[in-house]
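*Asks:* Sequence plus the predicted model coming up.
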Amino acid sequence: MKRKLRKPVIFLVVVTVLASIVLYSNTLGAYFASSSSRNEFLEDVSTLESSTTLKGPQGVVFSKNSTDSSSDDSDASSRDNSRSNRQLTGELTEDGFSNSSTLSSGGGNNQSLDDNPIRQVIDVAAEETVDENSKKIESTADARIGIGQNVAKKEGTSENVSEKMEEKHLQHTSRTSGKDISREQVKAKIEKQNEQPVLPDARIWQLRNQLIQGKVYLSLSATRNNPHFIRELRLRMKEVQRALGDASKDSELPRDAFETLKAMEETLLKGKQIEDDGAAAVKKFRAMLRSSEKQLRVRKKQTSFLTQLIVKTIPKGLHCLTLRLSTEYFMLNSSQQHFPNKDKLDDPKLYHYALFSDNILAAAVVVNSTITHAKDPSKHVFHVVTDRPNYAAMKMWFLANPPGKATIQVQNVEEFTWLNSSYSPVLRQLGSSSVIDYYFKDRPTESDSNLKFRNPKYLSIMNHLRFYLAEIFPKLDKVLFLDDDIVVQKDLTALWSLDLKGKVIGVVETCGESFHRFDRYLNFSNPLISESFSPRSCGWAFGMNIFNLDEWRKQNITELYHKWQNLNHDRQLWKLGTLPPGLITFWNRTYALDKSWHVLGLGYNPNVPQKDIECAAVIHYNGNLKPWLEIAIPEFRSYWAKFVDYDQVYLRECKITP
């Protein structure tokens, strides 16, 4: 029985041992096989890293398609562990996803955080976000407290942060592009990118803005109840005012201006901590703004009035010149008080100029500049008409300074006996009580929208003589009218040979701008104007105009002028002046000249192109900034001054200098 059981037992033992040996051998084979493949993989990775340089991500932090196919077979726990590990190292993107590929060295050591490209991209993005948020916070604070606060602090902090951010960004770019950029090159690029234009006189503006902020804090309830802060703030404000002084640019500030600015900034920061009610600050700023706007309107009105006063006040030198010349004239014998070449005054074959002025020096420049550029001065005749106070002085000037071979005549407007109030509506209106009250009656509660319409020059008939050219020169066919604020730069004789094609006046049109059209000068709410003219009709310039006196007489221009002046007796069609009635009187009777004949704007527009001035036959100082006044535009005054002989004895005695 025992023998029978021994064989099965031995068989089972053998089977068990053999099965164990077989199973053990398969496990070892699998182990050694996996170990060899693992070693081969590590060798491959080592070989790859030794032969190539690892590159950072090309701007893509996460992509679904970039995951390795083997990750699909990994279990959920390994993915969670991988995610938690990457979160600890800060490699998550802004969307919460991590890059599926990990960068490791051949020895298995992890890269440092500073050398990790993914980390650098995230750092740059984070720093940009922080910088934008800080800018938003600072701009909000500036809006509440004032512009210009914390400028020095920004210079010391935000610039350093942005510089580091730019350096990291450039280093990352150099690695991704595969280029080896040195630290000096990186710094050079950073400095080039940080180059921004510096505002001129920025420190002046910072100090002034600090004063405004200080005034606000002095008026707010929270800071006003803090006597220590108020004392400190007032002290700082005095220091800022002392530093500013009369300085108009940064170079004029004292050396300690920056320290003053820093100290004031620290004090304002204390005020900001004390006063946290932004609504109160905004309310105060609005009140200050309304007050400033009111003061600005008052200053503008005062400036306009003073400008008009300066323009129409005779300069001391010119007043002296008139008195000096008048004295000399009355000391002459009667035979010495006359001009030669009287036979040329009515010769229609010559070139005749009409000049109406009470300014001796201005008239002299017009005559001198015209003769200087005339090809044959002997054929040019100047008819100067002035008023009684300046008649003797005007004659004496041209007697002492004759215009070369040209002929000159000086007349007194009061010798035109035919020009009286019974004949001229404008003379009748100028003597009316309503016009006199308009100019001389004290009306402090009333204000005119434009002070120039109350200019006293409109009370003078000298301003309206241009509408009586046919009567003043009954024997002439053509005459060239010149204002006394022009300078001639070329020969003008070609104007007399122009065919005006039946028109009365040759003009240079000025409708290039919208404000030089009829609606600028005429009242189109009145049916007399709106039914007769178009508001978009082109305006033109008085100042240099060629007149066909034959056509003038044929078309009864003087009578037409009188008609419109009678209709405007109450100034409802246009304000006082000569251009509005000129536009009406010569409606559809103008011949357009080339613009180079007459360039305007030198008396109010400093931006007149230099090229236009140099090419112009006549330049016109229309506006308030006349060239004989100190307020003239400096860059344009030389065109006028070169025709004044400042060495002339009368000018030296009256101290008239360039």
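*Replies:* Thanks, I have it.

*Asks:* continuing past the helix or strand where residue 209 lies, what's the next helix or strand?
*Replies:* For residue 209, the host element (DSSP states H and E) is helix 202-219. Using DSSP H and E, the next helix or strand after helix 202-219 towards the C-terminus is helix 221-224.

*Asks:* Grab the CA positions of stretch 602-614 and hand them over as CSV.
*Replies:* The C-alpha coordinates for stretch 602-614 follow below in CSV (Å, rounded to 0.1, in the frame of the first residue of the first chain):
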residue,chain,number,x,y,z
LEU,A,602,1.5,137.1,-42.1
GLY,A,603,-0.3,139.2,-39.4
TYR,A,604,-2.0,136.3,-37.6
ASN,A,605,-0.8,132.9,-38.9
PRO,A,606,2.8,131.9,-38.0
ASN,A,607,2.4,128.8,-40.2
VAL,A,608,2.3,130.5,-43.6
PRO,A,609,4.6,128.3,-45.7
GLN,A,610,8.0,129.7,-46.4
LYS,A,611,7.8,128.6,-50.0
ASP,A,612,4.5,130.6,-50.6
ILE,A,613,6.1,133.7,-49.1
GLU,A,614,9.2,133.6,-51.3
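
*Asks:* Show me the contact partners of that stretch.
*Replies:* Stretch 602-614 has contacts (C-beta atoms under 8 Å, 6 or more residues apart in numbering) with 485, 596, 599, 601, 619-627, 632-633, 635-636, 639. For glycine as for every other residue, the C-beta is placed from the backbone atoms N, C-alpha and C.

*Asks:* so is residue 532 in a helix, a strand, or just coil?
*Replies:* Assigned by DSSP: H, G, I helix; E, B strand; the rest coil, the conformation of residue 532 is coil.

*Asks:* can you tell me how far it sits from residue 434?
*Replies:* With the distance defined as C-beta to C-beta, to the nearest Å, residue 532 ends up 25 Å from residue 434.

*Asks:* same question, residue 596
*Replies:* From residue 596 to residue 434 the distance is 43 Å (C-beta to C-beta).

*Asks:* Check residue 642 too.
*Replies:* 45 Å.

*Asks:* which stretches of the stretch 251-400 of the chain have low pLDDT?
*Replies:* Applying pLDDT under 70 to the stretch 251-400 of the chain picks out residues 276-281, 305, 308-312.

*Asks:* At which residues are the helices of it located?
*Replies:* Under the criterion DSSP state H, counting those that start in this stretch, the stretch 251-400 of the chain contains helices at 257-274, 278-312, 316-330, 360-373, 388-400.

*Asks:* By neighbour count, sort out the buried ones in the contacts of stretch 602-614.
*Replies:* Using 16 or more other C-beta atoms under 10 Å as the burial test, these include 485, 599, 601, 619-627, 632-633, 636, 639 as buried.

*Asks:* for the record, mean pLDDT for the helix holding residue 209?
*Replies:* What helix 202-219 shows for mean pLDDT is 84.

*Asks:* Now that helix: buried residues?
*Replies:* Buried, per 16+ other C-beta under 10 Å, within helix 202-219: 203, 204, 206, 207, 209, 210, 211, 213, 214, 216, 217, 218.

*Asks:* could you redo those as TSV and give each row distance to residue 426?
*Replies:* Conversion of the buried residues of helix 202-219 to TSV gives the following (distance: C-beta to C-beta, whole Å):
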residue	distance to residue 426
203	58
204	53
206	58
207	56
209	55
210	58
211	54
213	58
214	59
216	57
217	61
218	59
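
*Asks:* Just the closest of those to residue 516, please.
*Replies:* Nearest to residue 516 among those: residue 204, at 38.8 Å, using C-beta to C-beta.

*Asks:* rewinding a little: just the contacts of stretch 602-614: which are in helices?
*Replies:* Among the contacts of stretch 602-614, the residues falling in helices (DSSP state H) are 635, 636, 639.

*Asks:* Residue 623 is in contact with the second one, correct?
*Replies:* No. Between residue 636 and residue 623 there is no contact under C-beta atoms under 8 Å: 10.5 Å.

*Asks:* quick one, domains of the protein?
*Replies:* 202-293, 316-654 (the TED database).

*Asks:* now for the ones you listed, which one comes closest to residue 15?
*Replies:* domain 202-293 (90.6 Å).
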